[in-house]
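Asker: The following comprises the amino acid sequence and a computationally predicted model.
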Amino acid sequence: MNSKALHSVKVVIKNAIKISLSVALVAATHAQGQKSDWKTVDQMSAEDKALFDPNHATPRDASIPYIPAEKFPFKAPYTAEEMGYRSAQFSHISRWSHSISDVFGVVTSSGYVNQGEWACFVDFSQPGIEGYINSPVGQELGRWMLYETFPPESEGAQQLWIPIRSDKVEKKRLEFFYYSPSMRRVRRMPEPRRDQRFANNAQTLDDVMGRDPWEFQWELLGTDVLYETARFPATRSSITWNEPGKGFVERPVSSIKLMGDDFDHYTSDGGVETWVLKATTKEDWLPDYNEKYLIVWVEKHTFFILRREKYGHDGRLITIESRMSEKENPALGDLGYTSKMGTYWNIDHDLISYSFHDAHQPRVWSDEQKNMIFKAEFMPREWLFEPIPSQLRLDSPDEFFLRPHLYPDKFPNHRNTTLPPDVQSRYQQQEIAKKLVFETE
Amino acid sequence: MFEGGRMIKNFVKLFVLTMLMVLSTVQASTLSNTLSKIDRSLATFDPLGKYVRKPVEKAIPRLKFRGFVRQWSDMLLEKNGTIGSVNQDYRFLQLQNLFELQTSYYIAPGIDVNAVSHIMYDGVYDWQNSDGLSADRSDRTNELYNTSERILREFYISYRKPSFDLKIGKQQVAWGKMDGQFIDIVNGMDRRESVQLESEDYEWRRLPTWMANATVYLGKTTVQMLYIIDFEHDRGAAPGSPWASPLGVASKNITVGTSRPNADTFRDHQYGLRIDRSAGALTYGFAYMYAWDKNPVERIVGTTLSGSETVLQVHNRHERLHHFGATADYATTLQNVPWVGNIPAVFRIEALYTNGVRFTDADKRTDALSGTITDGTVKRDTVRAAAAIELALPSRTTFIFQGSWYQTLNYKEGLGYGFGGGISDEWSFIPLIHAARPFAFSKDRLKLEVTAFPLINGSDTGWGGLKTKVRLRYKFSQFLNGEFRYTGYDTGGANDYYGQYNQYDNFGWELNYEF
């Protein structure tokens, strides 16, 4: 064998070893993060089966014919539909009056990062999903005033969101005002389209405002145990939260649990038991909606949404949302959990968004505050009447969250986790490096 | 100074060299790798934020500041030599560099002192060889903001209570929410870019004035009161500036002076009142302003002989005006629209009726030359109004249609320009069409905007030309963004509003760094 051929053989062997090691590492990573605890309905434990009512045709409410007759928050055993209604309590923006610093961002596969930081003041006159269900159609549910503090380009810009109870006839879900400091003008804007990504983000309007449970056909696929949802990279060992009353508190990322510190139902190995639901859009309610169905992992006791996958009409996986929670409003019991932080991975464009809700504080707004803050006329005053500082913005693309787990083996009859080859490659590299691997690396 | 053609050649050389450098890098890696490296290095590029803003704000916690640096250029596609009264021997219409700093100092709860300072240098006069450009010699501010009045743009103290705001000092107030100016009447404007001044530039082009600005918030109603001591007149594109009108004809009239409202004279002060109210999906408001016309009108004060010819002696004077405005908007969702399903939509209207606008009258001027005693002007009322619909279409596409109407009431032939009226005619109509969308392949960093401004005049002159603007905006990072744009002026006659600029098609770019 000449030296050239020998060299070629060496290169082939080296590459083979590299590929084998990579595959082994990816497999090991998957094995660690993806313990196969999922069960179909048939395989569920007797205890779980006792909590589930497989009935699809439950009586309807006399005054609102499209909702169940049994009153929210329902009693066990729960139908899949009732689980869906319970999970609807946990929209991205908590359904009670509060203030937060919303720190969010997006990263592309090239490492372009775009972040934002908003001081959010939220007033709900009709709190909770129950308040939403029972409000007359067309009525406003509350007011959200969002003051942008980052990036410098939009510092001082403000948005006023007025969510509205909608139904099959009254489609408007939002009154939307925008104040641009560079134009010094408040403009009433058309509401964003529900199923369309915001520009420079993987989230849609429905991801933020929540979906109406009666617009979907609910089915229970089974149960699962989750150990990880939003994932920090190896480059970020701690984060600093703003905790009202305590100020900035540094937390090792390894100590952050899926349902927060006060959750009583972690499994012995730190997992969280979930119901896995399939929500298929009803054509008559959501014609031309981008998403055909959602697969949703909801915590078994609270029904908090820990993971949600969105699938298109062609069956492709569009987005994976993964969330971590904290009980920020203990007065509401199991309904007081919030989306503390979450990631949204848009697979079509390999776009990863994150959102942190820092410094969450339940609020009771005074009449004076309501009359002052939550009005379009307040915006030109450019008055950040209560700054909510946060330290959660990323300093570099390397600190960005990982893409969520794929769990290709779970519920394979209902889930298609095939990725485009380039995205698959980046996903695998990320699993090995434990941080995002951009196009140069 | 160097010649424009050579400058372009140098730009081309520089571009080729840059491309060669990029390509050589590409050899070592791939194009996407190079772009990715640029993306990741730009992600944290914020030198003024990191090394100036943060340390200063840390050292002086009561002080907040931010700012931006902007490079802003427009270049004619061709030099066209003599056009009407203009010698277009230049290529660049603007080479502007603007640095702005906004500061706010907290004094006590509800009391802040705010200042906005900026400095602008326009290289068009120095960086190209032109005989046609001379406006920097008659007024240096055409080239450089070198006066305290220009540099200290805003300076006011604000006092805020939950139901009351008071701002006293030099400031600008923007009324209205349409594309273009309808009830936006409070401040004068620097219109150096003439027909190319766009709504998003008003912030930097308004001329702030000294005033007291109080707003009372009464539940769903807001009442704003303005007491304006100072007066700033509009600045147009000066003769010898890149956008000087080709229609400008050297007047034979002799101007004997210009009278402007005086801040020291109580009766010259201006007053404004605005009331807004919101009721669910509908918001509406009314405005009144007792103001001065921002542009003076020539009044004949006599005649004299210039050689053997009798010419008019004119005196420029501003006229008192009563403005009555109204604004409203309404949001809805249009349902089951063919092809696109449900479409969120907003309707907006805005109108301004102005009483007592003074116009020059060609007939009276002719009479004056024959010995009749007249000031050569007439008074008319005008209406300018706009109605718009904005739609949120699929693919993050925004579509706006805005019909803008300008009317001179009781119009007669021979009237000159007057505030709010038709453009050299009884009425003018601009059915503006705007569409914008970001591109998903660029991860929404690239955005295309197309706007068309057709102009129709009546009842006499008809078609007045078409202005088209195409913009490509790109976000380089959280702190840096840029834009390429093309602005074209087509059709219309040489005497028309847009038509006069038919040989001013231009290509421009903009680079912004905000910290």
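Answerer: Looks like it arrived, so ask away. Numbering: from 1, shown residues only, chains lettered A, B, ... in the order given.

Asker: Quick check: what element follows whichever strand or helix holds residue B:384 along the chain?
Answerer: Under the criterion of DSSP states H and E, residue B:384 resides in strand B:377-393. Tracing the chain C-terminally past strand B:377-393 and defining elements by DSSP H and E, one meets strand B:397-408 next.

Asker: Next up, the contacts around the residue of the stretch 101-250 of chain B found nearest chain A.
Answerer: For the stretch 101-250 of chain B, the residue closest to chain A is residue B:174, as judged by CB to the nearest CB, at 3.7 Å. In short, each C-beta sits where N, CA and C put it, glycine included. Under the criterion of CB atoms under 8 Å, 6 or more residues apart in numbering or on different chains, the neighbours of residue B:174 are A:183, A:184, A:185, B:184, B:186, B:187, B:202, B:203, B:206.

Asker: Give me the secondary structure label for the fourth one.
Answerer: Going back to what we said before, that points to residue B:184. Under the three-state scheme (DSSP: H, G, I helix; E, B strand; the rest coil), the conformation of residue B:184 reads as coil.

Asker: Does the longest strand along chain B pack against any helices or strands, and if so which?
Answerer: Among the segments of chain B that qualify as a strand by DSSP state E, the longest is strand B:341-360. The elements that strand B:341-360 packs onto, with contact taken as 3 or more CB pairs under 8 Å, 6 or more residues apart in numbering or on different chains; DSSP states H and E, are strand A:185-189, strand B:297-306, strand B:320-337, strand B:377-393.

Asker: what's the spacing between the residue lying closest to the residue of the stretch 101-250 of chain B closest to chain A once chain neighbours are set aside and residue B:352?
Answerer: For residue B:174, ignoring the flanking residues on the chain, the nearest one in space by CB to CB, 6 or more residues apart in numbering or on different chains is residue A:184 at 3.7 Å. Computed as CB to CB, to the nearest Å, the residue A:184 to residue B:352 distance reads 18 Å.

Asker: go on, residue A:247?
Answerer: Computed with CB to CB, the distance linking residue A:247 and residue B:352 is 51 Å.

Asker: Neighbour count: those two, which is higher?
Answerer: Neighbour tally, residue A:247 and residue B:352, criterion other CB atoms under 10 Å in any protein chain shown: the higher count belongs to residue B:352, 26 against 11.

Asker: Which strand residues bridge that one?
Answerer: Beta-bridge partners of residue B:352, counted by DSSP bridges, are residue B:325, residue B:384.

Asker: Report the contact partners of it.
Answerer: Applying CB under 8 Å, 6+ apart, the residues contacting residue B:352 are B:182, B:183, B:185, B:323, B:324, B:325, B:383, B:384, B:385, B:420.

Asker: Next, the contact list for residue B:236, please.
Answerer: With the criterion set at CB under 8 Å, 6+ apart, residue B:236 makes contact with B:191, B:192, B:194, B:295.

Asker: redo that, cut-off 10 Å
Answerer: By CB atoms under 10 Å, 6 or more residues apart in numbering or on different chains, residue B:236 lies in contact with B:189, B:190, B:191, B:192, B:194, B:243, B:244, B:245, B:295.

Asker: distance of the third one from residue A:172?
Answerer: Summarising the geometry, the distance separating residue B:191 from residue A:172, computed by CB to CB, is 39 Å.

Asker: Verify the stated contact: residue B:57 with residue B:65.
Answerer: Yes - between residue B:57 and residue B:65 there is a contact at 7.1 Å, judged by CB atoms under 10 Å.

Asker: circling back to that earlier point, I'd like to know which of the contacts of residue B:236 are buried.
Answerer: Neighbour counting by 16 or more other CB atoms under 10 Å in any protein chain shown classes B:189, B:190, B:191, B:192, B:194, B:243, B:244, B:245, B:295 among the contacts of residue B:236 as buried.
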